[in-house]
Every structure is written in C-alpha cells, then in structure tokens.
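>>> Could you look at this predicted model? Sequence included:
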Amino acid sequence: MTCAKLTDSKQVKVTKENLILLQQKVTKLRSEGRYKETIENCYNLIENARELKDYKSILVAYINFGASYYCIGDIEAAFNSLSDHKEICEKYGDETDVLNSNNILFLLYDYNKDYINAKNTLKKSINLGEKLKKYNIVSNGYSNYSHVCMIEGNYTEALEMANIGLQMAKIHEPASEILEIRVKLNIAKALIGLKDLKNSRILIDEIINNKILESFIREKAECYDLQGNWYNKQKLYKKALESYSIAKNLVESYNDVYLLKSIQEQRCKICDEIGDIKLGYAVQKEYISLLNEISERELALTALKLEIKHNVAYIEKKANTDYLTGLYNRSYIETISNEWLKNAYKSNESILCIVFDIDGFKSFNDNYGHLFGDEVIKQVSKTCLEIIKETDLMGRFGGDEFVIILKDVSLENGENIANEILEAVRNLKVYKEDKYIEITISIGITDNLDATIIEFKDLFNLADIRLYKAKKNGKNRVCAIS
C-alpha cells in the first residue's frame, strides 16, 4: 500500500502537533465505527508522517487501516495493511506495536477459519504480553485460545486455556471484574461442552447474579444465551426459551444482528420442540425479518467496500502524481524503479532511464509568465505520453525536468525512442501573443549497465550527467551512455 507524498505547493506545513491530532482523529473515527473516514484519514496521516519520518504515526495508521478493513469485511486489504505494518515495525517499531499487530491478525485468521495460524498468533501475543506484564492482553489471549479450541471441539484444552486466562485476569492491575467474567463465560461454555452440567450451572448462576453486568449489556446477553444453551442441553425447553428471549431483548438494544440470528434460530427450534405453533409463527416472522436486515446490512457493507476502494484508488493516484501534469511524481518513480532494478538484477534484464528538461525554460516564465510556462510543461508531457507505452513510467521531477523509465528495452532502441521524443517536441509549437513559440529539449540516456545498477539514484545520476553533456554540446540533442 504505497502512499507517496503529494508534491503540491499549496500543501500545509506538517508539524508534530498535526500528527498527534491526526492520530487521535483516526483512533476516534474507528471507535465510532466511521470506517470510511478512518481509512481516508489514515492516508493523510501516512503522507504527513513520512514527511517528518515519524514512523510511530505510520504504524498507528496501518493498525487502524487493518482494524477498519476487518470491520467492513475486506479481509484481503486488512492483511495487506498488517503486512505493511509488519515491514515498518521490524525497523522502527517496539514490542507494543508487535502486540497490536498480533491482536488484529488473530481476528483475521479467526474470520478466515484459519485456526492453526490463529492459535500460533495467540501464542505470540500471550508470550509478548507476559513479557510486557500486560495481563489483560494475556488473559484475553488465553480466552480467545479457549474459544478456538471449542470451535475445534477440543473442550478439555478449551477449559485448560480458559482457567489460565482467569488466573491472568486475577493478577491484572488494576483489578477488573468484567475481565474475569469474560473468561468465566468461556469456562462455563467448555464445561457444558464436557457435559459437566453441575459445575457449569453453578458458574452461570454466579455470573448472572453479578451486579456488574448491569453496566455491560453485551456480556449480560451472552450470559443469558449461555443459560439458554444449558437449559437446552437438559431439554428444559420452556426455561431455555425464557433465557433466549431475555438474551434476544438485550442483544436488540445494541444491535448485534449475528448473535441475534443465532438466538432466533434456537428459539425457532425450541418452539418446534414444545409444539407452540402460535409463538413459533411469531418467532419465524421475526427471524425472516432479521435475515432481511442482515442481507441489507451486507449489501450496504459491499457498497461501502466498493466506495472505499474507489476513494482509495483516487487518494493513491493523487498521492503518486504531479498536480500539474498528472504524471507520476518523483517519490513514486523512485519506488517503482527500485523494484524494477532489483528484479532486473535477478533476471539480467535491461532497464533504461531517459532524463530531459526544456531548453531555455526560465526565459518562457520571464518573457511570457508562469501560466505560459505551465502550459509548455503540460504540452511537452502530453506529447511524450503519446510516444511511450502505457507500461512505461514517466514522471515530472519538479520544474521542467522529466524522467522516463523503460523496462526490457535495449540502449539502441531507447535512443530511438529518445530521438522520437526529441523530434516530436521540436514540432510542438505553443501559441502565445499572436505567434507560435518553438520548444526544444535536451536528453540524457543510460541503461542499467548489464543489470549491475540496482538503485534508481545511481541510474538517474548517470542519465543526468548525459543530460548535462547534451546541454554543454549545444542543447536540442540526445546524449547516451552504455
């Protein structure tokens, strides 16, 4: 996810204070569920942070990218964001940054039902959390590990992991009763899975009677759902229905449609078991209505994903292009060229660099004004784009200097292309003050010296030396070196 700095003279000066405010903004937007705005502001944070080389801000942006993409169901984009986070984290991050990354990675693996990687990621989080003495994270790690074990049907290991999670919750400071309750819910689920209905019932009653649940509706709903499950196992269907109905009302208050779907499915089955046709019909209608709501919500998420992809494409294009010509900017050219050169080194491929500028460009600005100078730059850009291929790279390096990178082209063919560009610009005439102004350019060209050049700056410098020689020898010409 490359995001280069936009070279626009109107750009506001970036300060550390700006970055702190942007960090706070993206974190707040994500906590409010405004994922589209979070993603857009993350790009802004990265762009500004790169200018100041503030890698902590970049890491904050990528973590919020990953979490936001996960929340809208774009798992591929979320994985890509965390891959970028990992790359930067290895150079500039600390163990807390690694821990944050692992927490999001677990969610992604769990979503994809990749339980092997999910458990491996949790082990890393647990070990790192213990090292950093962040026992709330360690407790959540064991609780999540227990959750995965139950999905796999391994209730013995699930119980073992949840019990360790409870021990970790108890040593967390400051003490957190809700942290303990979250783990106890998994202990009770594991006990039910092991058919230990006596101890699971004692634990469920203990949790349900805890007054702290009045402040934590989600956990309260999960507890009544679990109680319904316990009654269901005992075939106490009327009591199970009562518990599921309480859970339903609680879930509706915070609108978790997927937990609600699971509860409604259980209520439908119980109505069949007890033969209550009237209630069964009412519950079935609620269930169908809920399915329609889920369908509409998923359609809305799909639309949101498409809108975000469109906006991101626009943001990336804007960040990678020159505002005047629409050509790639220096940062993007350098990034892509370095990739091409490294690959060319492995495959012994030719990479060509053409550098040119406009002869006497300063006089255009001095004699006819900067607007005319801008028009000359745009016309020269347009003319060159008509000659090179779509797969070639062309960028503006600032002022009247341009660079073109050609892949798998010999030096001889590159010279032919350069001469074609030279001739096309010679024939280009821009109208000003009742006359056509002639334009010429000087060009320097080099290849990557039998794939031995692996960095763009070295390739560019060689071509730039040739450009200087073309200028010295009278301008309006091509000078090449192999």
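Structure received.
>>> now the farthest one out in this protein, which residue is it?
Asp434 (53.0 Å; CA atoms, centre = their mean).
>>> pLDDT at that residue, what is it?
At Asp434, the pLDDT value in this model is 77.
>>> Show the backbone phi and psi for it.
The phi/psi pair for Asp434 (degrees, to the nearest 10) reads phi 60, psi 20.
>>> same deal with the one 5 residues further on?
For Ile439, the backbone dihedrals are phi -130, psi 140 (criterion: degrees, to the nearest 10).
>>> you'd agree it is up against Lys432?
No. Contact criterion CB atoms under 8 Å: Ile439 and Lys432 do not qualify, at 11.0 Å. The way it works is simple: take the backbone N, C-alpha and C, and place the C-beta from them, glycine included.
>>> Of the two, which one has the most company?
Neighbour count, other CB atoms under 10 Å: between Ile439 and Lys432, Ile439 has more, with 21 against 15.
>>> got the buried residues for stretch 288-302?
Residues Leu290 are the ones in stretch 288-302 that count as buried (16 or more other CB atoms under 10 Å).
>>> Could I have the CA atoms of that stretch written out in PDB?
What follows is stretch 288-302, C-alpha atoms only, in PDB (Å, rounded to 0.1, in the frame of the first residue of the first chain):
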ATOM      1  CA  ILE A 288     -37.200 -13.800   8.400                       C
ATOM      2  CA  SER A 289     -37.300 -10.000   9.200                       C
ATOM      3  CA  LEU A 290     -33.800 -10.400  10.800                       C
ATOM      4  CA  LEU A 291     -32.500 -12.300   7.700                       C
ATOM      5  CA  ASN A 292     -33.700  -9.400   5.500                       C
ATOM      6  CA  GLU A 293     -31.900  -6.900   7.800                       C
ATOM      7  CA  ILE A 294     -28.700  -8.900   7.700                       C
ATOM      8  CA  SER A 295     -29.000  -9.100   3.900                       C
ATOM      9  CA  GLU A 296     -29.500  -5.400   3.600                       C
ATOM     10  CA  ARG A 297     -26.600  -4.800   6.000                       C
ATOM     11  CA  GLU A 298     -24.300  -7.000   4.000                       C
ATOM     12  CA  LEU A 299     -25.300  -5.200   0.800                       C
ATOM     13  CA  ALA A 300     -24.600  -1.900   2.500                       C
ATOM     14  CA  LEU A 301     -21.100  -3.200   3.500                       C
ATOM     15  CA  THR A 302     -20.400  -4.400   0.000                       C
END
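>>> Need the mean per-residue confidence for it.
86.
>>> so what's the residue nearest the centre of the chain scoring on pLDDT?
Centroid check for the chain by CA atoms, centre = their mean gives Ser81 as the closest residue, at 3.4 Å. Looking at Ser81, its pLDDT is 92.
>>> who touches it in this structure?
Met1, Tyr62, Ile63, Phe65, Gly66, Tyr69 (CB atoms under 8 Å, 6 or more residues apart in numbering).
>>> quick check, it in a strand?
No. If the criterion is DSSP: H, G, I helix; E, B strand; the rest coil, then Ser81 is helix and not within a strand.
>>> picking that back up, export the contacts of Ser81 to CSV and tack on neighbour count, pLDDT and secondary structure?
Supplementary listing: the contacts of Ser81 in CSV, determined by neighbours: other CB atoms under 10 Å; pLDDT from 0 to 100; DSSP: H, G, I helix; E, B strand; the rest coil:
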residue, neighbour count, pLDDT, secondary structure
Met1, 16, 40, coil
Tyr62, 27, 94, helix
Ile63, 23, 94, helix
Phe65, 29, 93, helix
Gly66, 27, 93, helix
Tyr69, 25, 92, helix
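>>> Closest to Ile404 out of those residues?
Nearest to Ile404 among these: Met1, at 25.6 Å, using CB to CB.
>>> need the helices for the stretch 101-250 of the chain, in chain order.
Counting by DSSP state H, counting those that start in this stretch, the stretch 101-250 of the chain has helices at residues 115-131, 135-151, 155-171, 177-193, 197-208, 217-233, 237-254.
>>> From Glu180, how far off is Tyr135?
From Tyr135 across to Glu180, the span is 11 Å (CB to CB, to the nearest Å).
>>> got any residues that touch both of these two?
Ala169.
>>> Can you tell me the element the closest residue to Gln284 other than its chain neighbours falls in?
Sequence neighbours aside, Cys268 is the residue nearest to Gln284 in space, at 6.0 Å (criterion: CB to CB, 6 or more residues apart in numbering). If you go by DSSP states H and E, Cys268 is part of helix 257-274.
>>> for that helix, which positions count as buried?
Buried-residue list, helix 257-274, by 16+ other CB under 10 Å: Val257, Leu259, Leu260, Ile263, Gln264, Gln266, Arg267, Lys269, Ile270, Cys271.
>>> ok, so what distance separates the second one from Ile294?
Okay, so that is Leu259. Distance from Leu259 to Ile294, by CB to CB: 12 Å.
>>> Likewise for the last one?
Using CB to CB, Cys271 is found at 20 Å from Ile294.
>>> do the same with Thr391
44 Å.
>>> Kindly report the same for Lys309.
23 Å.
>>> just Tyr55 next, same as before
From Tyr55 to Ile294 the distance is 40 Å (CB to CB).
>>> now Phe372
60 Å.
>>> Check Asn163 too.
Distance from Asn163 to Ile294, by CB to CB: 35 Å.
>>> so who does Lys432 touch?
Contacts of Lys432 by CB under 8 Å, 6+ apart are Tyr368, Phe372.
>>> Kindly state the beta-bridge partners for it.
Under the criterion DSSP bridges, Lys432 forms beta bridges with Lys435.
>>> again with the one 10 residues further on
When bridges are called by DSSP bridges, Ser442 pairs up with Asp357.
>>> quick one, what contacts it?
Phe356, Asp357, Asp359, Leu467, Ala470, Lys471, Lys475, Asn476, Arg477, Cys479.
>>> Any chance of a PyMOL selection covering the buried ones in those?
In PyMOL, a selection of the buried entries from the contacts of Ser442 looks like this (16+ other CB under 10 Å):
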select buried, resi 356+357+359+467+470+471+476+477+479
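>>> Narrow the contacts of Ser442 to those in strands?
With DSSP state E as the criterion, strands contain Phe356, Asp357, Cys479 from among those.
>>> how close does the second one get to Ala418?
Asp357 is 13 Å from Ala418, where distance means CB to CB.
>>> For the residue lying closest to Tyr368 once chain neighbours are set aside, give its distance to Glu273.
Spatially, and ignoring its direct neighbours in sequence, Tyr368 is nearest to Lys432 (5.4 Å; CB to CB, 6+ apart). Lys432 sits 88 Å away from Glu273, going by CB to CB.
>>> At which residues are the strands of the stretch 351-482 of the chain located?
351-358, 393-398, 401-407, 429-432, 435-438, 441-447, 478-481 (DSSP state E, counting those that start in this stretch).
>>> Any idea which of the ones you listed has the lowest pLDDT on average?
strand 429-432 (a mean of 83).
>>> Alpha carbons only: can I get that one in CSV?
Extracted C-alpha coordinates of strand 429-432, given in CSV (Å, rounded to 0.1, in the frame of the first residue of the first chain):
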residue,chain,number,x,y,z
LYS,A,429,4.5,24.9,-31.1
VAL,A,430,2.6,26.7,-28.4
TYR,A,431,0.7,29.8,-29.4
LYS,A,432,1.4,33.0,-27.4
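>>> mind listing what's buried in that strand?
Neighbour count says strand 429-432 has Val430 buried, by 16+ other CB under 10 Å.
>>> what's the offset of it from the middle of its chain?
Offset of strand 429-432 from its chain centre (CA atoms, centre = their mean, to the nearest Å): 46 Å.
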